[in-house]
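Undergrad: sequence and predicted structure are below.
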Amino acid sequence: MSALVRIRNLHKTYQRGPEQIDVLKGLNLDIDAGEFVALMGPSGSGKTTLLNLIGGLDTPSSGEIEIAGQRIDRLSSSQLAQWRSRHVGFVFQFYNLMPTLTALKNVELPLLLTSLSAAQRRRNAEIALELVGLKDRARHRPNELSGGQQQRVAIARAIVSDPTLLICDEPTGDLDRQSAEDVLQLLQTLNREHGKTIVMVTHDPKAADHASRTLHLDKGSLVEQIEQAA
C-alpha cells in the first residue's frame with residue numbers, strides 16, 4: 001500500500017538578505033493513512049516548515065510532496081488553496097476563532113466554501129461539535145468558553161469538512177496540563193476511532209506520547225524516529 005503522504009528529496013531555502021538559509025535538506029518521509037505522527041525538534045529545526053509544506057501553506061524550493069496520489073508541489077497558488085480547502089483541517093496553538101460568532105457558526109465557516117445547503121452546513125457543524133463533546137456550548141461565543149473548550153471548537157472546525165489530513169501546530173501550547181490532556185485524548189480518539197491521519201508539531205514529550213510515531217528533526221534533517229506502543 002502506498003503512503004498517504006510521500007515526501008522525496010525535499011529542500012526549503014529562505015533568503016535573508018545576502019544569506020541563504022537551508023531549513024530542510026533533502027528530507028524523505030512516508031506517512032501512512034491513519035497514522036498519528038508527532039514532529040519534534042529544537043527551535044529552527046524545520047518542523048513547522050515541514051508541517052506547512054505538508055499542509056500546502058508553503059511550497060518547497062525543490063523536491064516532491066505527494067498526498068493521496070497528488071503532487072501538491074506542482075500546484076499553482078490558487079490550485080493549492082482549493083486543495084487545502086478540500087483535504088486539510090488546521091489546528092493552531094492560538095485558536096483563531098471569530099470572536100463575534102458562536103461556536104456553531106465558527107465550526108460552520110469552512111463549509112461556506114462548499115455547495116452544501118444552509119441546513120446541511122448547520123447539521124454537519126452540530127455533528128462536529130458533538131464529536132468533540134461541546135454540543136451544549138453551540139450557542140456560546142469564544143469569550144464564554146475556556147481555552148480548552150475553544151481549542152475543541154477549533155478541532156471541530158478542522159474536521160467538519162472530513163479532511164484527508166489534520167495538521168496541528170502546537171495544539172496544546174497555550175493550555176494548562178488538564179486541558180492539554182483533554183485535547184490530546186480527543187486527537188487520539190479522532191485518530192484511533194475515526195481513522196483521521198494527524199501530523200502534529202509539539203515541543204512537549206507528553207503530547208508526543210499520544211502519537212503513534214514521533215519524528216525528531218535537527219538542522220533540517222530527520223535524525224530519529226520513535227514508534228510508540230499502541
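TA: Yes, it's here. Numbers count the residues shown, from 1 in each chain.
Undergrad: ok, Leu53 touching Val23?
TA: No - applying Cβ atoms under 8 Å, one finds Leu53 not in contact with Val23, separated by 9.8 Å. The C-beta positions use only the backbone N, C-alpha and C, and glycine is treated the same way.
Undergrad: who touches both of these two?
TA: Common neighbours of Leu53 and Val23 (criterion: Cβ atoms under 8 Å, 6 or more residues apart in numbering): Lys12.
Undergrad: what segments of this structure are strands?
TA: 5-16, 19-31, 36-40, 62-67, 70-71, 88-92, 165-169, 197-201, 213-218, 221-227 (DSSP state E).
Undergrad: would you point out which residue is most central in this structure?
TA: Ile167 (1.0 Å; Cα atoms, centre = their mean).
Undergrad: any idea how far Arg74 is from it?
TA: With distances taken as Cβ to Cβ, to the nearest Å, Ile167 is found 20 Å from Arg74.
Undergrad: what angle separates the longest helix along the chain from strand 36-40?
TA: Longest helix in the chain by number of residues, with DSSP state H as the criterion: helix 177-192. Helix 177-192 runs at 130 degrees relative to strand 36-40, counting by axes from the mean of the first three to the mean of the last three Cα atoms, to 10 degrees.
Undergrad: burial of Thr100, as a residue count?
TA: The number of residues packed near Thr100 is 10, by other Cβ atoms under 10 Å.
Undergrad: what pLDDT does the residue nearest to it when sequence neighbours are not counted get?
TA: Setting aside the residues directly before and after it, Thr100 is nearest to Arg141 in space (Cβ to Cβ, 6 or more residues apart in numbering), at 7.1 Å. The confidence metric pLDDT takes the value 95 at Arg141.
Undergrad: quick revisit: so what does the longest helix of the chain touch, helix or strand wise?
TA: strand 36-40, helix 147-159, strand 165-169, strand 197-201, helix 205-208 (3 or more Cβ pairs under 8 Å, 6 or more residues apart in numbering; DSSP states H and E).
Undergrad: Leu184 is nearest to which of these?
TA: Nearest of the helices and strands packed on helix 177-192 to Leu184, taken as Cβ to Cβ: helix 205-208 at 5.7 Å.
Undergrad: show the end-to-end separation of stretch 183-200, please.
TA: 12 Å (Cα to Cα, to the nearest Å).
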